[in-house]
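[1] Got a predicted structure here, sequence first:
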Amino acid sequence: MSNYEENLQAVVVEKSRISSDFCTLKLQLEGEPHVFTPGSHTSMQTPFGWRNYSLANLCDGNIWQLGIKAERHGRGASSWIVDVLEEGETINCKVPENTFPLNDANNYLLIAGGIGITAVLPMARALDQTKKSYQFIYCLRDRESAAFVKEVESLQGDVIIHADEGEEEDFFDFWPLVETPDDRLIYCCGPKILMEDLEDMTGHWPAHQVNFEDFKPVEVIKSDDTSFVVELKDGRLFDVGPTETILQVLRSNGLETRSSCESGTCGSCRTRYLDGEIDHRDLVLTENEKHQDLMICVSRANGVVVLDV
């Protein structure tokens with residue numbers, strides 16, 4: 001899939017400020033609806049580039065719901081959405097993608113921490129519709145500043161909302177829930193410390209049963225990296241130096257590029273290639289997908305790579 005598809009446009013029809021650092025958005029997509037499934041995300045264009053955000057609702061015509069946390073020490077996109085973006089404004093978005101799909105099972109353990117609720121909540125809503133059994137753990141600092149608390153309280157599964165007030169000794173203890181592997185599928189999205197703890201606790205589970213919306217960085221540039229060449233469909237050639245990425249080189253030469261994490265974890269910059277020996281460094285693509293796609297924010301090549309761009 002190329003990252004140069006036509007932009008969609010959506011109007012901010014509702015914005016609710018939950019706290020100084022959190023807001024929820026309701027977007028109304030212009031034009032034809034686009035079907036998406038639980039776990040999907042869209043990319044939104046901001047003055048600081050394209051950024052990925054989970055869709056917090058089930059597919060409902062042209063309406064998208066999102067929850068945004070301002071990362072005050074980030075690159076500015078989330079803070080701009082929380083502080084500056086206003087109701088009535090139109091924003092460019094991309095067709096939803098899903099790198100965190102809800103697979104079929106008889107029973108589930110769903111875990112959300114903080115703003116990770118946006119990725120996991122629609123899974124629970126879908127399970128309510130199909131009458132599947134699940135337990136839902138929502139870990140937060142406090143109820144007053146958390147998003148979608150009422151929506152979680154209305155779920156039909158076994159729901160626990162755990163507020164720890166930011167005290168580490170009061171963090172939720174997941175071990176009794178995962179000590180004995182069974183047939184459940186586990187889905188988790190939240191802060192790094194929560195996901196790392198759960199990953200450690202579930203090391204004895206079959207890998208395919210434990211799923212994370214994971215944003216751990218990968219090693220983008222290595223000390224022994226060498227130069228290579230990117231060729232476009234129109235024949236243009238660009239050199240990529242040892243300390244550069246394909247994404248950076250394309251941008252510097254005036255090509256529109258879509259990206260978000262720029263660390264090989266989100267899938268936004270996924271691009272089709274036609275030929276080349278690729279050094280894949282992302283955490284998204286399957287082995288089969290690597291035969292035709294690469295992530296231009298981290299992947300490198302030996303010699304020449306021809307992009308379908």
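    Good, I have the coordinates.

[2] Can you point out the buried residues in stretch 250-265?
    250, 257-265 (16 or more other Cβ atoms under 10 Å). C-betas here are computed from N, CA, C, even on glycine.

[3] if we take the residues you listed, which one ends up nearest to Ala301?
    Relative to Ala301, the closest of these is Leu250; by Cβ to Cβ it sits at 13.6 Å.

[4] What residue spans form the domains of this structure?
    8-93, 107-212, 228-307 (automatic domain parsing).

[5] With respect to Val220, which of those lies nearest?
    Closest of the domains of the chain to Val220 is domain 228-307, at 5.1 Å (criterion: Cβ to Cβ).

[6] Quick one: end-to-end length of the closest one, please.
    By Cα to Cα, to the nearest Å, the extent of domain 228-307 from end to end equals 13 Å.

[7] Output the domains of the chain in JSON lines; the columns should cover distance to Phe100.
    Output for these, formatted as JSON lines (distance: least, Cβ to Cβ, whole Å):
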{"stretch": "domain 8-93", "distance to Phe100": "4"}
{"stretch": "domain 107-212", "distance to Phe100": "6"}
{"stretch": "domain 228-307", "distance to Phe100": "10"}
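
[8] a markdown table please, covering those domains and showing distance to Val220 and mean pLDDT.
    Output for the domains of the chain, formatted as a markdown table (distance: least, Cβ to Cβ, whole Å; pLDDT from 0 to 100):
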| stretch | distance to Val220 | mean pLDDT |
| --- | --- | --- |
| domain 8-93 | 15 | 92 |
| domain 107-212 | 18 | 94 |
| domain 228-307 | 5 | 91 |
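
[9] Of all these, which one is nearest Pro101?
    Here domain 8-93 is closest among the domains of the chain (Cβ to Cβ), at 5.2 Å.

[10] Just the pLDDT at the spatially closest residue to Ser43 that is not a sequence neighbour, thanks.
    Once flanking residues are discounted, Ser43 sits nearest to Lys94: 4.1 Å by Cβ to Cβ, 6 or more residues apart in numbering. Per-residue pLDDT puts Lys94 at 89.

[11] what are the phi and psi values for Lys94?
    phi -120, psi 160 (degrees, to the nearest 10).

[12] show me what contacts it?
    Lys94 sits next to 5, 7-8, 42-44, 50, 258, 268 when contact means Cβ atoms under 8 Å, 6 or more residues apart in numbering.

[13] Can you say which of these are buried?
    Applying 16+ other Cβ under 10 Å to the contacts of Lys94, the neighbour count classes 8, 42-44, 50, 258, 268 as buried.

[14] Of those, which is the nearest to Ile81?
    Met44 (7.4 Å).

[15] Can you list which of the buried ones among the contacts of Lys94 are found in strands?
    8, 42-44, 50 (DSSP state E).

[16] Buried residues of whichever helix in the chain runs longest, list them for me.
    Taking DSSP state H as the criterion, the chain has its longest helix at helix 117-130. Neighbour-count burial for helix 117-130, counted by 16+ other Cβ under 10 Å, picks out 117-127.

[17] Quickly check these for the two that are furthest apart.
    Thr118 and Leu127 (16.3 Å).

[18] what's around Gly190, how many residues?
    Taking other Cβ atoms under 10 Å as the criterion, the count of residues near Gly190 is 24.

[19] circling back to that earlier point, which one of the buried ones among the contacts of Lys94 is nearest to Glu165?
    Using Cβ to Cβ, these come closest to Glu165 at Met44, 31.5 Å.

[20] which residues touch the closest one?
    Met44 neighbours (Cβ under 8 Å, 6+ apart): 50-51, 53, 77, 81, 91-94.

[21] beta partners for it?
    Beta-bridge partners for Met44, by DSSP bridges, are Arg51, Cys93.

[22] Lys290 versus that one, what's the distance?
    Distance of Met44 to Lys290, computed by Cβ to Cβ, to the nearest Å: 27 Å.

[23] Next: Thr243.
    24 Å.

[24] Which one's more surrounded, these two?
    Neighbour totals were compared for Thr243 and Lys290, and Lys290 leads with 16 against 11 (other Cβ under 10 Å).

[25] Tell me how far Leu110 lies from Asn92.
    31 Å.

[26] So for these two, which residue has more residues nearby?
    Set Leu110 next to Asn92 and count neighbours by other Cβ under 10 Å: Leu110 wins out with 26 against 14.
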